[in-house]
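In: next input, structure requested:
(2 chains)
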Number of protein chains: 2
Amino acid sequence: MDLIRRIEEGQGEFLLFALTPPRLATDRDRAQEIADATVARLQPLDVDGLILYDIDDETERNPAERPFPFMPTLDPADYLADHLRTWARPVIVYRAVGKYAPEDLRSWLSAQDPKRLMTVLVGAASSSSRARTSLMGAQALLREVNPRLALGGVAIPERHSRREDEHLRLLAKQDAGCRFFVTQVVYDINAAKDLVSDYYYECKARGLRPAPFVFTFSVCGSMKTLDFLRWLGVDVPRWIENDLEHAADPLEASYKQARTTAIELMSYCRTLGVPFGINVESVSIRRVEIEAAVKLAQELRTQLKR
Amino acid sequence: MDLIRRIEEGQGEFLLFALTPPRLATDRDRAQEIADATVARLQPLDVDGLILYDIDDETERNPAERPFPFMPTLDPADYLADHLRTWARPVIVYRAVGKYAPEDLRSWLSAQDPKRLMTVLVGAASSSSRARTSLMGAQALLREVNPRLALGGVAIPERHSRREDEHLRLLAKQDAGCRFFVTQVVYDINAAKDLVSDYYYECKARGLRPAPFVFTFSVCGSMKTLDFLRWLGVDVPRWIENDLEHAADPLEASYKQARTTAIELMSYCRTLGVPFGINVESVSIRRVEIEAAVKLAQELRTQLKR
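Out: Below is the predicted model:
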């Protein structure tokens, strides 16, 4: 079954692959080469859909020095329209709504084909940042101009660890039209289980069907990438840091950790009765890390029940 | 290989079963019946050794109301000597050292057979409590009067989550003669992995061989038992609490959680290269909980490599 119908019917067991568009400075031909190489790499994987991230400069979120400099990328909607025409399956385009004027969001949202595209609307990183459009404003726009476009929201287990109300935020998003949720990258399995568990039991108490929960995994080949994940707000348990720091092959260690965590989360969600998807994120530009992400997706595909 | 030799040689993959002696008020005949029933139950399990806990009134540790009233029990050393003669394998007797005068500890320690018995010396629960013997004092007594008696220490992953120095405490205990460590009951897998990981890499940095790490598991059949675990200082993740609260059969849910956590910890320790043992704790007096603990030990036995 097609991903969009699957999500509409509240069914899980699907696989996504997430990309960041090439840097803004990339010329047209090179961007096309990158897109073609990506599609060729993903073709054998039987991925149900692609996620395209919308990168925002999050320095307002965290005053500590950013481990990697912020590099603006091509707009994911433009990248999709201009370069990914050979990708036949559904695409989930992220929109960091604070970056856009309401008129621009309105015209983009109204132009999208709900049979081919879904969107995840992401609010501004920090309440102090000056958002051109608020998350609630963007959600309302979508309902107004293209109500059949499937909407997703972000789920942040780490926020749940600190505030214990992320499940209520998700239910508010569901109320505003969200049909699925995508986590940020999961390193702390208990934080992810705590969130999905609280979400599930709150759905049950309210008589709601849980929406598919998409868990994101990535491989991390260096301590610098790990620092960056932490800067972004990901809780990385100490043992994972130790293993990566001491491993002869940190990428392999990270691969195994991600696989173990993903398989355990799948099993947990099946027992609980929450539909779930798996999203493998490839955000590095290093070839070995891209290949490890593809391999992870390939292995996790075999764990999904279809 | 015998458990005591195994521990002396720093080898893992062993199974322990832990008991609390019957209540102090139990008469001699009834205590013998309980002991005989326990031995009969454990006989088919191929358990490498028995742990006998020494229960202390820990109200000084926690000012909140104790979910279960404190019930003094028979002294584990007396219970072993008087009632467990038919148990042929090694026994690890806990000593809450603060309860005993140094002379009493000295005479007990010197009378023990190092081929049959090991001891875990436990310091007073709180620094404010008036301990008749300190942990360091008791360790020194052991070295003086019975240096061949294998000594173990307690390992508390939760303390590591808060203070990040539990691995250094373990190394200080190792320095004082400890040959193995036993955790309190594990519900938070990341806390346990963090501790064993930091311990392992610190051993490596100091050129020491890691001592066997014994992970303790239990089944928990009711929310009241869960409250009691929390009162004792065990971190129980929210999702585990949710599952137990909503499960048609909380005991079965708890059983599955313990099995999953134990198997994942075994796999993690094997990858890391830390020798480990598994300890299944049966502290309840309810028959169904005792039987579930026995079943858990039986199943985890099949996961150990011999």
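In: only C-alpha atoms for contact and neighbour calcs from this point on.
Out: Will do.
In: low-scoring stretches of chain A, by residue?
Out: In the predicted model, chain A carries pLDDT under 70 at residues A:59-61, A:125-129.
In: name the SS class of the most centrally placed residue in chain A, please.
Out: Centre of chain A computed as the mean C-alpha position; nearest residue by Cα atoms, centre = their mean is A:Val182, 5.0 Å away. With DSSP: H, G, I helix; E, B strand; the rest coil as the basis, the three-state label of A:Val182 is strand.
In: can I get stretch A:176-192 in CSV, CA atoms only?
Out: What follows is stretch A:176-192, C-alpha atoms only, in CSV (Å, rounded to 0.1, in the frame of the first residue of the first chain):
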residue,chain,number,x,y,z
ALA,A,176,-4.7,20.7,14.6
GLY,A,177,-4.6,18.1,11.8
CYS,A,178,-1.4,16.1,12.2
ARG,A,179,-1.7,12.5,10.9
PHE,A,180,1.8,11.3,11.9
PHE,A,181,4.8,12.3,14.0
VAL,A,182,8.4,12.1,13.2
THR,A,183,11.0,12.1,16.1
GLN,A,184,14.3,13.7,16.0
VAL,A,185,17.1,11.1,15.9
VAL,A,186,16.8,8.6,18.8
TYR,A,187,19.8,7.7,20.9
ASP,A,188,18.0,7.4,24.3
ILE,A,189,15.7,4.4,24.0
ASN,A,190,14.0,5.0,27.3
ALA,A,191,13.1,8.6,26.4
ALA,A,192,11.5,7.4,23.2
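In: and that stretch, does that touch chain B?
Out: Yes: under the criterion of Cα under 8 Å from any Cα of the partner chain, chain B is reached by stretch A:176-192 at A:Asp188, A:Asn190.
In: contacts for that stretch, please.
Out: Here stretch A:176-192 makes contact (Cα atoms under 8 Å, 6 or more residues apart in numbering or on different chains) with A:7-8, A:10, A:136, A:139-140, A:143, A:150-158, A:160-161, A:170, A:174, A:211-218, A:234-237, A:258, A:261, A:265, A:281, B:188, B:190, B:237, B:239.
In: over to stretch A:194-209?
Out: Stretch A:194-209 has contacts (Cα under 8 Å, 6+ apart) with A:10, A:157, A:160-161, A:166-168, A:170-171, A:210, A:213, A:272, A:274, B:237-239, B:242-243.
In: can we see that at 7 Å?
Out: Here stretch A:194-209 makes contact (Cα atoms under 7 Å, 6 or more residues apart in numbering or on different chains) with A:Pro157, A:His160, A:His167, A:Pro210, A:Val274, B:Arg238, B:Trp239, B:Asn242.
In: now the third one: which helix or strand?
Out: In this structure, A:His167 sits in helix A:166-175 according to DSSP states H and E.
In: list the buried residues for that helix?
Out: Of the residues in helix A:166-175, those buried under the neighbour-count criterion (16 or more other Cα atoms under 10 Å in any protein chain shown) are A:Glu166, A:His167, A:Leu168, A:Arg169, A:Leu170, A:Leu171, A:Lys173, A:Gln174.
In: put the alpha carbons of that helix into CSV.
Out: Below are the C-alpha coordinates for helix A:166-175, written out as CSV (Å, rounded to 0.1, in the frame of the first residue of the first chain):
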residue,chain,number,x,y,z
GLU,A,166,5.3,16.2,25.0
HIS,A,167,2.5,13.6,24.6
LEU,A,168,0.0,16.5,25.2
ARG,A,169,1.7,18.6,22.6
LEU,A,170,1.4,15.8,20.2
LEU,A,171,-2.3,15.5,20.9
ALA,A,172,-2.7,19.2,20.4
LYS,A,173,-0.9,18.8,17.0
GLN,A,174,-3.2,15.9,16.2
ASP,A,175,-6.1,18.1,17.0
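In: distance from it to the middle of the chain?
Out: On the basis of Cα atoms, centre = their mean, to the nearest Å, helix A:166-175 sits 17 Å off its chain's mean C-alpha point.
In: which other helices and strands contact it?
Out: For helix A:166-175, the packing partners by 3 or more Cα pairs under 7 Å, 6 or more residues apart in numbering or on different chains; DSSP states H and E come out as helix A:189-206.
In: follow-up on the earlier one: which residues are contacting the helix holding A:His167?
Out: Residues outside helix A:166-175 that contact it (Cα under 7 Å, 6+ apart): A:Gly153, A:Ala155, A:Arg159, A:His160, A:Leu195, A:Asp198, A:Tyr199.
In: where does the third one land in three-state SS?
Out: Read that as A:Arg159. On the three-state scheme (three-state DSSP), A:Arg159 is labelled helix.
In: how about the nearest residue to it, chain neighbours excluded?
Out: Closest residue to A:Arg159 in three dimensions, ignoring its sequence neighbours and counting by Cα to Cα, 6 or more residues apart in numbering or on different chains: A:Glu166, at 6.4 Å.
In: burial of the residue in the stretch 51-200 of chain A that chain B sits nearest to, as a residue count?
Out: Nearest to chain B in the stretch 51-200 of chain A, going by Cα to the nearest Cα, is A:Asp194, at a distance of 4.5 Å. Using other Cα atoms under 10 Å in any protein chain shown, the number of residues around A:Asp194 comes to 23.
In: equivalent analysis for A:Arg148, please.
Out: Here the number of neighbours of A:Arg148 (other Cα under 10 Å) works out to 14.
In: which strand or helix spans it?
Out: According to DSSP H and E, A:Arg148 maps onto no helix or strand at all.
In: roughly how far apart are it and A:Arg116?
Out: Between A:Arg148 and A:Arg116 the distance is 11 Å, computed by Cα to Cα, to the nearest Å.
In: quick check: phi and psi at the closest residue to chain B within the stretch 201-306 of chain A.
Out: Among all residues of the stretch 201-306 of chain A, A:Trp239 sits closest to chain B, at 4.6 Å; criterion: Cα to the nearest Cα. For A:Trp239, the backbone dihedrals are phi -60, psi -30 (criterion: degrees, to the nearest 10).
In: show me what from chain A comes close to chain B.
Out: Contacts of chain A with chain B, taken as Cα under 7 Å from any Cα of the partner chain, map to A:Asn190, A:Lys193, A:Asp194, A:Ser197, A:Pro237, A:Arg238, A:Trp239, A:Asn242.
In: need the contact partners of stretch A:34-50.
Out: With Cα under 7 Å, 6+ apart as the test, stretch A:34-50 has contacts from A:3, A:14-18, A:83-84, A:87, A:89-92, A:298.
In: now list the buried members of these.
Out: The neighbour-count test (16+ other Cα under 10 Å) marks A:3, A:14-18, A:83-84, A:87, A:89-92, A:298 as buried among these.
In: can you flag which of those residues belong to strands?
Out: If you go by DSSP state E, the buried ones among the contacts of stretch A:34-50 have A:Phe14, A:Leu15, A:Leu16, A:Phe17, A:Ala18, A:Val91, A:Ile92 in strands.
In: who's the last one bridged to?
Out: Beta bridges link A:Ile92 to A:Ile51, A:Met118 when assigned by DSSP bridges.
In: that one reaches A:Asp54, doesn't it?
Out: No: taking Cα atoms under 7 Å as the contact criterion, A:Ile92 and A:Asp54 are not neighbours in contact, 10.7 Å apart.
In: quick revisit: what sits against the residue of the stretch 201-306 of chain A closest to chain B?
Out: By Cα under 7 Å, 6+ apart, the residues touching A:Trp239 are B:Lys193, B:Asp194, B:Ser197.
In: of the residues you listed, closest to chain A?
Out: B:Asp194 (4.6 Å).
In: any idea how far that closest one is from B:Leu272?
Out: Going from B:Asp194 to B:Leu272 by Cα to Cα gives 12 Å.
In: with just CA atoms, put the longest helix anywhere in chain A into CSV.
Out: The helix of greatest length in chain A, counted in residues with DSSP state H as the criterion, is given as helix A:250-272. Once side chains and other backbone atoms are set aside, the C-alpha atoms of helix A:250-272 remain, and they are given as CSV (Å, rounded to 0.1, in the frame of the first residue of the first chain):
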residue,chain,number,x,y,z
PRO,A,250,33.0,4.3,15.4
LEU,A,251,30.7,4.1,12.4
GLU,A,252,30.3,0.4,12.8
ALA,A,253,29.7,0.8,16.6
SER,A,254,27.1,3.5,15.9
TYR,A,255,25.5,1.3,13.2
LYS,A,256,25.0,-1.5,15.7
GLN,A,257,23.6,0.8,18.3
ALA,A,258,21.1,2.2,15.9
ARG,A,259,20.1,-1.2,14.7
THR,A,260,19.6,-2.5,18.3
THR,A,261,17.6,0.5,19.4
ALA,A,262,15.4,0.4,16.3
ILE,A,263,14.6,-3.3,16.6
GLU,A,264,13.8,-2.9,20.3
LEU,A,265,11.5,0.1,19.6
MET,A,266,9.7,-1.8,16.8
SER,A,267,9.1,-4.7,19.1
TYR,A,268,7.9,-2.3,21.9
CYS,A,269,5.5,-0.5,19.6
ARG,A,270,4.0,-3.7,18.3
THR,A,271,3.4,-5.0,21.8
LEU,A,272,1.8,-1.6,22.8
